[in-house]
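Asks: sharing a model prediction with you, sequence too.
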Amino acid sequence: MNKEVLVVDDEKPIVDILKYNLKKEGYSVSVAYDGEEAINKAFGKNPDLILLDIMLPKQDGFTVCKKLREKLTCPIIMLTAKGEEVDKVLGLELGADDYITKPFSMRELMARVKANLRRVNLSGKVQDEVIKIRNLELDMKSYVFKKDGEPLDLTFREFELLKFLATQAGQVFTREKLLEEVWGYEYYGDIRTVDVTIRRLREKVEDDPANPRYILTKRGIGYYFLKH
């Protein structure tokens, strides 16, 4: 069955180009031209991946992303024409998995799409097991995360990052290595994506995010998970 991508952009020429190239790669494509339509289409179709523009009529991309994350865990790639740091970080803070700045090369965009979908596919093949570390619990099959027995919502990328670090507790990973292993690409990534996701993860996992006990920073190198 073909993977379905929802393209959300109010500029029809861009939508048409994206739709043509995605279909050429074998994806099924649905489209939305404003924020309200995007939310309705996403909840109705439950796509495998969403390409979401920031500048949208009715509801902007940030608002849409926040609402989608209340129910959906599929990868969301934000599209921004501004290229400003605040836009990129805010998108990631609201639950986006990735972002790309217009004008973008179609080759790069397709690489991002493939990488994000590949990680989802690989994750679906993990063994049926539960990781328990101190008061944390990760169910690899149902993608449920619990802290002190209470389930907490993690995005797909947050769960993947926590799983990767927890299964290799004590080992320090650079941001570049985490991009390669968790996001699935080496050349198109931005290490700020890792920093923002780590920060969001700490806010959910740690009792005091400013003084983490689980996800620690090795200054000048990267991040690691402390098991004990």
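Replies: Now that the structure is in, tell me what you want to look at.
Asks: doesn't L161 belong to a helix?
Replies: Yes. With DSSP: H, G, I helix; E, B strand; the rest coil as the criterion, L161 is assigned to a helix.
Asks: pretty sure it contacts I198?
Replies: Yes. Counting by CB atoms under 8 Å, L161 does reach I198; the two are 7.3 Å apart. Every C-beta, even on glycine, is put in place using the N, C-alpha and C of the backbone.
Asks: which of those two has more neighbours?
Replies: L161 (25 against 22; other CB atoms under 10 Å).
Asks: flag the shaky bits of the chain, pLDDT-wise.
Replies: For the chain, the stretches flagged by pLDDT under 70 are 1, 82-86, 119-128, 185-189.
Asks: for it, which segments count as strands?
Replies: 4-8, 28-32, 49-53, 76-80, 98-101, 130-133, 136-139, 144-147, 150-152, 173-174, 215-218, 222-225 (DSSP state E).
Asks: so how far is L165 from Y143?
Replies: The gap separating Y143 from L165 is 16 Å, by CB to CB, to the nearest Å.
Asks: those two: which has the busier surroundings?
Replies: L165 (25 against 16).
Asks: who are the contact partners of the more buried one?
Replies: By CB atoms under 8 Å, 6 or more residues apart in numbering, the contact list for L165 reads 173, 215, 223-225.
Asks: from D60, how far off is it?
Replies: Distance from L165 to D60, counting by CB to CB: 32 Å.
Asks: how about the contacts made by V130?
Replies: Applying CB under 8 Å, 6+ apart, the residues near V130 are 137-140.
Asks: closest one of the residues you listed to E37?
Replies: Distances from E37 to those, taken as CB to CB, are shortest for D139 (34.0 Å).
Asks: and that closest one, what does it touch?
Replies: By CB under 8 Å, 6+ apart, the residues touching D139 are 130, 145-146.
Asks: count of residues packed around R69?
Replies: 17.
Asks: from G184, how far off is the residue nearest the centre of the chain?
Replies: The structure's the chain has its C-alpha centroid closest to D97; by CA atoms, centre = their mean the separation is 2.2 Å. Separation of D97 from G184 (CB to CB): 10 Å.
Asks: so what sits against both of those two?
Replies: What both D97 and G184 touch, as defined by CB under 8 Å, 6+ apart, is the set N116.
Asks: now do the same contact list for I77.
Replies: Contact analysis of I77 by CB under 8 Å, 6+ apart lists 49-52, 96-100, 112-113, 116.
Asks: quick check: closest non-adjacent residue to it.
Replies: In this structure, I77 finds its nearest non-sequential neighbour in D98, 4.6 Å apart by CB to CB, 6 or more residues apart in numbering.
Asks: and the one you found, how many residues sit next to it?
Replies: 25.
Asks: what does D48 give?
Replies: The burial count for D48: 20, using other CB under 10 Å.
Asks: chain neighbours aside, what residue packs nearest to it?
Replies: Excluding the flanking residues, the one nearest D48 by CB to CB, 6+ apart is K3, at 4.2 Å.
Asks: what do you get for N21?
Replies: Excluding its sequence neighbours, the residue lying closest to N21 (CB to CB, 6+ apart) is M106, at 5.3 Å.
Asks: and the top helix by length along the chain, what's buried?
Replies: Identified as the longest helix of the chain according to DSSP state H is helix 106-123. Within helix 106-123, the residues scored as buried using 16 or more other CB atoms under 10 Å are 109-117, 119-120.
Asks: could the strands of the chain go into JSON lines alongside distance to E203?
Replies: Formatted as JSON lines, those follow (distance: least, CB to CB, whole Å):
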{"stretch": "strand 4-8", "distance to E203": "27"}
{"stretch": "strand 28-32", "distance to E203": "30"}
{"stretch": "strand 49-53", "distance to E203": "22"}
{"stretch": "strand 76-80", "distance to E203": "19"}
{"stretch": "strand 98-101", "distance to E203": "20"}
{"stretch": "strand 130-133", "distance to E203": "18"}
{"stretch": "strand 136-139", "distance to E203": "14"}
{"stretch": "strand 144-147", "distance to E203": "12"}
{"stretch": "strand 150-152", "distance to E203": "10"}
{"stretch": "strand 173-174", "distance to E203": "20"}
{"stretch": "strand 215-218", "distance to E203": "11"}
{"stretch": "strand 222-225", "distance to E203": "15"}
